[in-house]
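**Student:** please find the sequence and the predicted model below.
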Amino acid sequence: MAEKLNLFINGKFVKSNTKNWINVLNPATQEVLCEAPCATDEEIEQAIAFAREAFLSWRETPPPERSRVMMKYQDLLKTHQNEIAEILSEENGKTFEDAKGDVWRGIEVVEQAANITPLLMGETVENVAREIDSYSYIQSLGICLGITPFNFPAMIPLWMFPMAIACGNTFILKPSEQDPMTANKLAELFMQAGAPANLLQVIHGGKEQVDRLIKHPEIRAISFVGSVPVGQYIYKTGTEHLKRVQSFAGAKNHMVVMPDANKNKTIDSLVGSSVGAAGQRCMAISVAVFVGSSKEWINDLKNEMEVVKPGPWDLEESGFGPVISPQAKEKIIGLIERGKGEADCLIDGSLCEVEGYPNGNWIGATLFSKVKTDSEIYKTEIFGPVLLCIEVDTLEEAIKLINKNPFGNGTSIFTASGRSARKFRHEIEVGQVGINVPIPVPLPFFSFTGWKQSFYGDLHAYGKQAVRFYTETKTVTERWFEEDEESSKNLTINLE
Ligand code: NAD
C-alpha cells in the first residue's frame, strides 16, 4: 500500500478523512509514490477558519519580524535544496539539475520576501490643500489562495505564499494533484523556519476542492498558474465572486533566428529551450522562426537535437525527463501524428523507448519544419519536447506572425544586430522578451508579465510588484484644527 499524503492544517500534517484519493505516479516508472487526498468540505472549512484566526494576529506582527521568518526560510530551503529536488524529480520526472533550478528560482522569491519592509512603505504628500496632508498605508488583505500547476512544483508555490505571507496575509495552497509531495516538504520547512502556526495551510485535491475555495467568502485574493481553459475559468469564477484574481496561463513561445546570429549558440539555445524539461515549461520555445538564409541551419538543428535523449532524473546523461502522465503522452503523440499530415516531420520522438524503463512516459525530441500557422500543431500548446520550424523572408514578417499568435508569454530573438534587436523588442506584443537569451524568465524584482491569453487579471503579480497584489492601499487625508477653530467650513478639501 502506498503512503497516504497528509494535508497541512493547523500547523500539523494530518490524515484526511476523505474517501477520494489520487495516485501520484513516478512518470518514469508508473510506481505509485503516494496517494493524495481530495480534501473534504469540512477540512477546507477548518483550514479557512484557522487561517482566519491566524490572520488577525499575523497582520499585527511588525514587517521586520515577518521578514525574519523568511530569512530563516530561505536559509532552510538552501540547506535542503537537494532533498527537495529529489522529491520533486521523483514525482515530476525532471532531471536533478533541472529540479535544483526549480527550487532555486523559488528561493530567489523568498529572498525578495525577506526584504519586504521597504516595499511596504506608503506614500506621503504634504499640503495637498492648504494645511491638509495625505498619505497612504499598505495593509494586508486576509486569506489568499494559490492554485499551482505540475510543471514547477517548488518555484510556483514559492512565487506565491512567501510574498503573500510576508505582506501580512495567511495563505491556502492547493498544489497540483500530479506532484503534490514537494508542497508538503515546502510546508514542513516553513514550519521549521519558526512561522507561527496557520499562516500556511496545504489543501490537496482537484477541481472540486478548487471550486469550493475560489467561491469561498473568506478568500480575498487568488493566484493561479496553469492551462488556458482552467486559467480563464478561475479568473471568471473568482471575479464573479468578487475576488482579486491573477491568472497565469498557457503559451506558445517563438524564437526568431536572424541570419547574422551566432549559429552555434542559436542552435544550442533552441535545443535546450525546446526539449529541456521535456518542453513542459511555460517559457519553453516551441516555434523557431527562421528569417531568410538562416533556414539553412535547420539541418544542423536536427543533427544536434537527435543527440539529446530523455531518461530518468537520476542519470547524468538524461537530457530531459518523461512527460508528466500517460494522458499527457497520449495527447502529445496525437498531436505529433496530426502534425505529420500538416508539416514535414524531421525527427519523430513518438516511439521513444528508454532502456530499463519500459513504462515511462517517454517522448523523444521531435522536430517539424515547413509548419503553417493554420495547422493544429501550431495553434495548440503541445507542452512536450516538440519544436516547430517556420520560414519567413524578413524580420517584419516574423514580428507580424508572432503578434498574430493569441499567446504572449515569452519570445526571443537571436541576432548580432542591435538595430534588429531594438526593433523586435519595441514592436513585439509579448510580455517577456529575450535578446540572445532563449528563456527570458524575469527575476523576482521584476514582474512576470504574460500578455494576451497567457495572463488574465492583476498585473501586480509577481516579485516586487506582488506587494500591490497581496495588499490594500489605504490613503489618509489629514488636517488638524485649532481647539477653538470653527470646523464646519473646513470639512471639504478645496483642491483648487
Ligand atoms: P492545469 O490547468 O491542468 O492545472 C493547474 C491547477 O488547476 C492544478 O492545481 C489543478 O488541480 C487545477 N485544475 C485543473 N483542472 C481544473 C478545473 N477544471 N477546475 C478547477 N481547477 C482545476 O495545468 P497543468 O497541466 O498543471 O500545468 C501546465 C499548464 O500551465 C500549461 O498550460 C503551462 O503553459 C501553464 N503554465 C503557465 C505559467 C505562466 O507563468 N504563464 C507557468 C507554468 C505553467
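**Tutor:** Nice, thanks for sending it over.

**Student:** please count neighbours and contacts with C-alpha atoms only from this point.
**Tutor:** Noted.

**Student:** up against the ligand, what does the stretch 101-250 of the chain have?
**Tutor:** With the criterion set to C-alpha under 6 Å from any ligand atom, the stretch 101-250 of the chain comes near the ligand through 147-151, 174-177, 206-207, 210, 225-228, 230, 248-250.

**Student:** buried ones from those, can you make that a ChimeraX selection?
**Tutor:** Here is the ChimeraX command that selects only those of those that count as buried (16 or more other C-alpha atoms under 10 Å):
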select :147,148,149,150,151,174,175,176,177,206,210,225,226,227,228,230,248,249,250
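
**Student:** and the residues of the stretch 101-250 of the chain next to the ligand, which of them are in strands?
**Tutor:** 147, 174, 225, 248 (DSSP state E).

**Student:** which two from those end up farthest apart in space?
**Tutor:** Within these, Lys174 and Phe248 form the most distant pair, 15.2 Å apart (C-alpha to C-alpha).

**Student:** which residues touch the spatially most central residue of the chain?
**Tutor:** The residue lying closest to the centre of the chain (C-alpha atoms, centre = their mean) is Ile156, at 4.6 Å. By C-alpha atoms under 8 Å, 6 or more residues apart in numbering, the contact list for Ile156 reads 106, 148-149, 225.

**Student:** how about a cut-off of 10 Å?
**Tutor:** With contact taken as C-alpha atoms under 10 Å, 6 or more residues apart in numbering, Ile156 is in contact with 102-103, 105-106, 109, 146-150, 175, 224-225.

**Student:** with Val210 instead?
**Tutor:** Listed by C-alpha under 10 Å, 6+ apart, the contact set of Val210 reads 145-147, 174, 203-204, 216, 234.

**Student:** between those residues, which is nearest the ligand?
**Tutor:** Ile147 (4.9 Å; C-alpha to the nearest ligand atom).

**Student:** hmm, Pro180 and the closest one touching each other?
**Tutor:** No - between Ile147 and Pro180 there is no contact under C-alpha atoms under 10 Å: 11.5 Å.

**Student:** any idea how this structure splits into domains?
**Tutor:** 7-119+138-248, 253-494 (automatic domain parsing).

**Student:** how far away from the center of its chain is whichever strand or helix holds Ser286?
**Tutor:** Following DSSP states H and E, one finds Ser286 within strand 285-291. Between the centre of strand 285-291 and the centre of its chain there are 23 Å (C-alpha atoms, centre = their mean, to the nearest Å).

**Student:** any part of it near the ligand?
**Tutor:** No - no part of strand 285-291 sits near the ligand under the criterion C-alpha under 6 Å from any ligand atom; the closest distance found is 11.1 Å.

**Student:** what is the very next helix or strand once past that strand packed up against?
**Tutor:** Downstream of strand 285-291, the first helix or strand assigned by DSSP H and E is helix 298-307. Contacts defined by 3 or more C-alpha pairs under 10 Å, 6 or more residues apart in numbering; DSSP states H and E place helix 298-307 against helix 263-275, strand 344-347, strand 366-369.

**Student:** list the contacts of Ala278.
**Tutor:** 93-95, 272, 284, 309-310, 319-324, 362-365, 383-386.

**Student:** helix, strand or coil: sort out Thr449 for me.
**Tutor:** Taken by DSSP: H, G, I helix; E, B strand; the rest coil, the conformation at Thr449 corresponds to coil.

**Student:** am I right that it is in contact with Pro442?
**Tutor:** Yes - in this structure, Thr449 is within contact of Pro442 by C-alpha under 10 Å, at 8.8 Å.

**Student:** below-threshold pLDDT in the chain: ranges please.
**Tutor:** 459-464, 485-496 (pLDDT under 70).

**Student:** about what we covered before: run me through the strand neighbours of the strand holding Ser286, direction for each.
**Tutor:** Paired neighbours of strand 285-291 in the sheet (DSSP bridges): strand 253-257 (parallel), strand 386-392 (parallel).

**Student:** looking at those, which is buried most?
**Tutor:** Mean neighbour count (mean count of other C-alpha atoms under 10 Å) peaks for strand 253-257 among the strands paired with strand 285-291, with a mean of 29.

**Student:** say whether the ligand is contacted by that strand.
**Tutor:** No - counting by C-alpha under 6 Å from any ligand atom, the ligand is not contacted by strand 253-257; separation bottoms out at 9.8 Å.

**Student:** how about that strand as CSV, C-alpha atoms only?
**Tutor:** Provided in CSV are the C-alpha atoms of strand 253-257 (Å, rounded to 0.1, in the frame of the first residue of the first chain):
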residue,chain,number,x,y,z
ASN,A,253,6.7,30.9,-27.5
HIS,A,254,8.6,31.8,-30.6
MET,A,255,12.3,32.4,-31.2
VAL,A,256,13.3,34.5,-34.2
VAL,A,257,16.6,33.4,-35.8
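
**Student:** neighbour-wise, which of Thr449 and Pro442 wins?
**Tutor:** Thr449 (21 against 16; other C-alpha atoms under 10 Å).

**Student:** can you list phi and psi of that one for me?
**Tutor:** phi -120, psi 60 (degrees, to the nearest 10).

**Student:** of the contacts of Ala278, which belong to strands?
**Tutor:** Val386.

**Student:** neighbours around the closest residue to Leu158 other than its chain neighbours, how many?
**Tutor:** Closest residue to Leu158 apart from its sequence neighbours, by C-alpha to C-alpha, 6 or more residues apart in numbering: Gly106 at 4.9 Å. Number of residues near Gly106 (other C-alpha under 10 Å) recorded here: 24.

**Student:** cool, the one 3 residues further on as well?
**Tutor:** Here the number of neighbours of Val109 (other C-alpha under 10 Å) works out to 26.

**Student:** residues contacting it?
**Tutor:** 70, 74, 155-156, 158-163, 443-445, 462-464.

**Student:** go again with 8 Å.
**Tutor:** 158-159, 162-163, 444, 463 are the contacts of Val109 under C-alpha under 8 Å, 6+ apart.

**Student:** what of Lys370?
**Tutor:** Counting by C-alpha under 8 Å, 6+ apart, Lys370 touches 343-344, 389-391.

**Student:** can you pull the phi/psi pair for it?
**Tutor:** According to degrees, to the nearest 10, Lys370 has phi 60, psi 40.

**Student:** okay, it and the ligand: tell me how far apart.
**Tutor:** From Lys370 across to the ligand, the span is 24 Å (C-alpha to the nearest ligand atom, to the nearest Å).

**Student:** ok and the residue in the stretch 351-496 of the chain nearest the ligand?
**Tutor:** Closest point on the stretch 351-496 of the chain to the ligand, by C-alpha to the nearest ligand atom, is Ser454, at 5.5 Å.

**Student:** with adjacent residues omitted, what lies nearest to that residue?
**Tutor:** The nearest residue in space to Ser454 (C-alpha to C-alpha, 6+ apart) is Ala249, at 4.6 Å.

**Student:** one more: Asp314?
**Tutor:** Phe96 (6.2 Å).

**Student:** any idea where the strands of the stretch 351-496 of the chain begin and end?
**Tutor:** Here the stretch 351-496 of the chain has its strands, by DSSP state E, counting those that start in this stretch, at 366-369, 386-392, 407-408, 410-414, 432-435, 451-452, 455-457, 471-478.

**Student:** and the fifth one, what does it pack onto?
**Tutor:** Just to be clear, that refers to strand 432-435. Applying 3 or more C-alpha pairs under 8 Å, 6 or more residues apart in numbering; DSSP states H and E, one finds that strand 432-435 makes contact with strand 410-414.

**Student:** the strand it packs on to strand 253-257, inter-axis angle?
**Tutor:** Interaxial angle of strand 410-414 relative to strand 253-257 (axes from the mean of the first three to the mean of the last three C-alpha atoms, to 10 degrees): 10 degrees.

**Student:** walk me through which strands strand 410-414 pairs with, and which way each runs.
**Tutor:** In the sheet, strand 410-414 lines up with strand 253-257 (parallel), strand 432-435 (parallel) (DSSP bridges).
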